[in-house]
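Enquirer: any chance you can model this:
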Amino acid sequence: MADVAELDAAELEHIIGFTGQDLGALALHPRDANIALYGIGHVVVLSDQTDPHRQDLLRGHDSDISAVAFSSSGRLVASGQRQSPHADGEQIVVWEYESRKPVYRLSGVAGTVKCLKFSEDDRFLAAIGEGEANGNDFAIWDMQNGSVAQHRKCAKNATCLTWGATVVADAARRVKTPKYSLFTFHSGKVDVHFLEYDIKTMHYQLKTQLVRFPSAGLTRMYYDCTVSPATGELLAGTSVGELVVFNADNLIYRAALPISSNGILSLCCQGEFVFIGAGDGKVKKLQGNDQYWTIVGEAQLNGRITYLTLRADGAELMVGTDTAKMYALSCSDMSFRLAQESNVSQINGVAFGQKSDVFATASQDGAVRIVDLSDYSVLAHVRGPCAAQCVTFAGDDLVLTGWEDGAMRLYDAYNCNAMGQIHKCHRGRVTCIAVGKEFYFTAGDDGAMRVWNRRNLEFIGQYSEHNKTVTGLLVDNLHDHLVHSCSLDRAVVTYDLRTSRRSNYKMHRDGGFTGIAQRIDSEQELLTPTTDGFIMSWDCDVQLPVRCDRVAAGLWCGTWRCSAGCLRRCSKLCFALLLAEGSGECCCRSGRCLLRSLSLCGGCGR
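Expert: Residues are numbered from 1 along each chain as shown. This is a model prediction of the structure:
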């Protein structure tokens, strides 16, 4: 067994996978108009919108990122995560932007971090935790030393917060100290908290007042809030699509204006204008104050608008939607362009064709995408009737896909137009597809491997050697008449098309196989990863594996599934797509080897 310490780790080159499922999980740098901040899985991503290859990855979380924020100066970055799997896990990490290094690791709120906001002078960071059924909490940390300045338990769940104006606490004092105001929104009330330095205790103290509502009350679920820089009014969006206006100076409710349907999920101000993002996919541009507002612009996008953030130059908004799309929207004429697109749901299959800069993905939501690695853009996509299970290329102009309904569908690789299909290819899912010179080979949940004519898609024959789902299928590198398959039944089978029977059979006594690849050098060994964390190398002339490597902890055992069939030689880089179960993440890795504990790379033999 190879010593993991002696092997070089693969270098993560780029990550694709913004999903837009969380409110507040996208931000733009307040000074640099091109830098975007968002979370993908456990990783915080800083990306340059003008250069798709410039991407910095910040690692410091042990759960999915749920909220991110820049400080007003852009000097600090904060990221919050979902509930940590560890009892003592820190929920929030504060990073220094220039060095990309963590400054503080903070705990103090319970559950998933729902909202993060820095004060205007970068002195304090406030956050809301998801909490429990009996309420949640919010906390304020001092960014000078990372300590908890204040913590409050909320009987009624706080859903969003925003900092108000910062004023001088007492102008008569010789030493001027700031007085901060923080608004928190709850289901039946709005609180304003004043954070002021107490000379007696030498600490900041928090005093709370209620914002006054009409006697009849106003019970709403608030999604986002902000203070208008033009009028100083406090604005909030509700679950019923209302824009609620408050007088921030007198702490009194002023109006609730129905603006959109399916809720207002995000708010953003640009001078005298207010932009609202709604659950119906519309971004509306409003102008006015108090009870008098006018809609002066509107844009319809794809998906619920989960976040709006203004570029530093004020010319555009970056819009995030729950369909995993980012749009750049012009503040002047409301025109928009697609800036980024990725998968929302679990990726079930990936494949390269003959080109090293184009690959295809198949996901659980039925989407098939063709992606260009030169700029990470989606060249074409199509959505099928059910979950897509696997994908492969036939040359550079045809994409073959396997589906949950047992069908195999063929698409044009340039525009994803339908090119044909086999309706009932297998009983159950089609899990694997391989391409030969004259035939297509498919396998599925029924354990069978079937052969189809490439010219007319007619059925040629069937091999039933497995009794569980087939997880890997490939045509031999040297001999076109040999086809290899592996399955969860712990068997590796080689079929000979000339004799119409199996020519080789190998069995593993422990875990089942999850994929298969073949070296292009040496003895053309087969490589098979297993469910119990090994990668095995098989020689056709030897019954037992000739090499067995233990994979590093955390990459297997149900957390990750390797698509070994996607190993390809791609120019100077050896690419592979590691599929995170349920996360929709797609990672392009490059380096000497694919996995840390695998010294033999199936794509380049290194």
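Enquirer: what's the domain layout of the protein?
Expert: 18-165, 211-337, 347-590 (automatic domain parsing).
Enquirer: can you list the strands that the helix or strand residue 125 falls within pairs with?
Expert: For residue 125, the host element (DSSP states H and E) is strand 124-129. The strands that strand 124-129 pairs with in its sheet are strand 113-118 (antiparallel), strand 136-142 (antiparallel) (by DSSP bridges).
Enquirer: bridging residues for residue 264?
Expert: Residue 264 has these beta-bridge partners by DSSP bridges: residue 278.
Enquirer: need the domains of the chain in JSON lines (columns: mean neighbour count, distance to residue 201 and mean pLDDT).
Expert: Any C-beta I mention is one placed from the backbone N, CA and C, and that applies to glycine too. Listed next are the domains of the chain as JSON lines, based on neighbours: other CB atoms under 10 Å; distance: least, CB to CB, whole Å; pLDDT from 0 to 100:
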{"stretch": "domain 18-165", "mean neighbour count": "19", "distance to residue 201": "12", "mean pLDDT": "92"}
{"stretch": "domain 211-337", "mean neighbour count": "18", "distance to residue 201": "25", "mean pLDDT": "94"}
{"stretch": "domain 347-590", "mean neighbour count": "19", "distance to residue 201": "46", "mean pLDDT": "83"}
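Enquirer: kindly reformat those as a markdown table containing distance to residue 191.
Expert: Putting these into a markdown table (distance: least, CB to CB, whole Å) gives the following:
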| stretch | distance to residue 191 |
| --- | --- |
| domain 18-165 | 8 |
| domain 211-337 | 7 |
| domain 347-590 | 36 |
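Enquirer: between those domains, which gets nearest to residue 203?
Expert: Proximity to residue 203 (CB to CB) singles out domain 18-165 among the domains of the chain, at 7.8 Å.
Enquirer: how long is that closest one from one end to the other?
Expert: Taking CA to CA, to the nearest Å, the first and last residues of domain 18-165 lie 33 Å apart.
Enquirer: how far off centre is it?
Expert: How far domain 18-165 lies from its chain's middle: 16 Å, per CA atoms, centre = their mean, to the nearest Å.
Enquirer: which ones are touching the nearest residue to residue 508 once chain neighbours are set aside?
Expert: Of all residues not flanking residue 508 in the chain, residue 490 sits nearest, at 4.6 Å (CB to CB, 6 or more residues apart in numbering). Neighbouring residues of residue 490 by CB atoms under 8 Å, 6 or more residues apart in numbering: 507-513.
Enquirer: go again using 7 Å as the cut-off
Expert: 507-508, 512-513 (CB atoms under 7 Å, 6 or more residues apart in numbering).
Enquirer: do residue 305 as well
Expert: 265-266, 277-278, 281, 283, 319, 321.
Enquirer: how about it: what's its closest non-neighbour residue?
Expert: Take residue 305 and drop its neighbours on the chain: the residue closest to it by CB to CB, 6+ apart is residue 277, 2.9 Å away.
Enquirer: swap in residue 492?
Expert: Per CB to CB, 6+ apart, closest to residue 492 is residue 506, 4.4 Å.
Enquirer: show me the contacts for the one you found.
Expert: By CB under 7 Å, 6+ apart, the neighbours of residue 506 are 491-492, 538, 543.
Enquirer: ok, it to residue 45 distance?
Expert: Distance, residue 506 to residue 45, using CB to CB, to the nearest Å: 42 Å.
Enquirer: what is the helix or strand containing residue 182 packed up against?
Expert: Per DSSP H and E: residue 182 is located in strand 178-186. Secondary-structure packing of strand 178-186 (3 or more CB pairs under 7 Å, 6 or more residues apart in numbering; DSSP states H and E): strand 158-163, strand 167-168, strand 190-198, strand 222-227.
Enquirer: if we can go back for a sec, now the residue nearest to residue 305: how far from residue 242?
Expert: 14 Å.
Enquirer: do the same with residue 541
Expert: Counting by CB to CB - residue 541 and residue 242 are separated by 74 Å.
Enquirer: residue contacts, residue 227?
Expert: Taking CB under 7 Å, 6+ apart, we find residue 227 in contact with 162, 164, 234, 248.
Enquirer: which single one of those is nearest to residue 202?
Expert: Using CB to CB, the contacts of residue 227 come closest to residue 202 at residue 164, 24.5 Å.
Enquirer: list the residues that contact residue 468.
Expert: Shown in contact with residue 468 (CB under 7 Å, 6+ apart): 447, 487-489.
Enquirer: most widely separated two among the residues you listed?
Expert: Top of the distance list for the contacts of residue 468 (CB to CB): 447 and 488, 9.3 Å.
Enquirer: among the contacts of residue 490, which ones are in strands?
Expert: Mapping these onto strands (DSSP state E) picks out residue 507.
Enquirer: ok, so of the contacts of residue 490, who is nearest residue 476?
Expert: Nearest to residue 476 among those: residue 513, at 17.0 Å, using CB to CB.
Enquirer: can you say which helix or strand has the closest residue to the closest one other than its chain neighbours in it?
Expert: Leaving aside its sequence neighbours, residue 513 sits nearest to residue 486 (CB to CB, 6+ apart; 3.8 Å). Element membership for residue 486 (DSSP H and E) is strand 482-487.
Enquirer: CA atoms only: put the helix or strand following that strand into CSV for me.
Expert: Counting by DSSP H and E, the next helix or strand C-terminal to strand 482-487 is strand 491-496. As requested, the backbone C-alpha atoms of strand 491-496 are provided in CSV (Å, rounded to 0.1, in the frame of the first residue of the first chain):
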residue,chain,number,x,y,z
ALA,A,491,-17.5,-8.0,-9.5
VAL,A,492,-15.4,-6.7,-12.5
VAL,A,493,-16.4,-8.4,-15.7
THR,A,494,-14.8,-8.3,-19.2
TYR,A,495,-16.9,-9.2,-22.2
ASP,A,496,-15.7,-10.4,-25.6
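Enquirer: which other helices and strands does strand 491-496 contact?
Expert: Applying 3+ CB pairs under 7 Å, 6+ apart, one finds that strand 491-496 contacts strand 482-487, strand 501-507.
Enquirer: for residue 409, find the nearest of those.
Expert: It's strand 482-487; of the helices and strands packed on strand 491-496, that one is closest to residue 409 (CB to CB) at 21.2 Å.
Enquirer: who does that closest one pair up with?
Expert: Every partner of strand 482-487, by DSSP bridges, with its direction: strand 470-475 (antiparallel), strand 491-496 (antiparallel).
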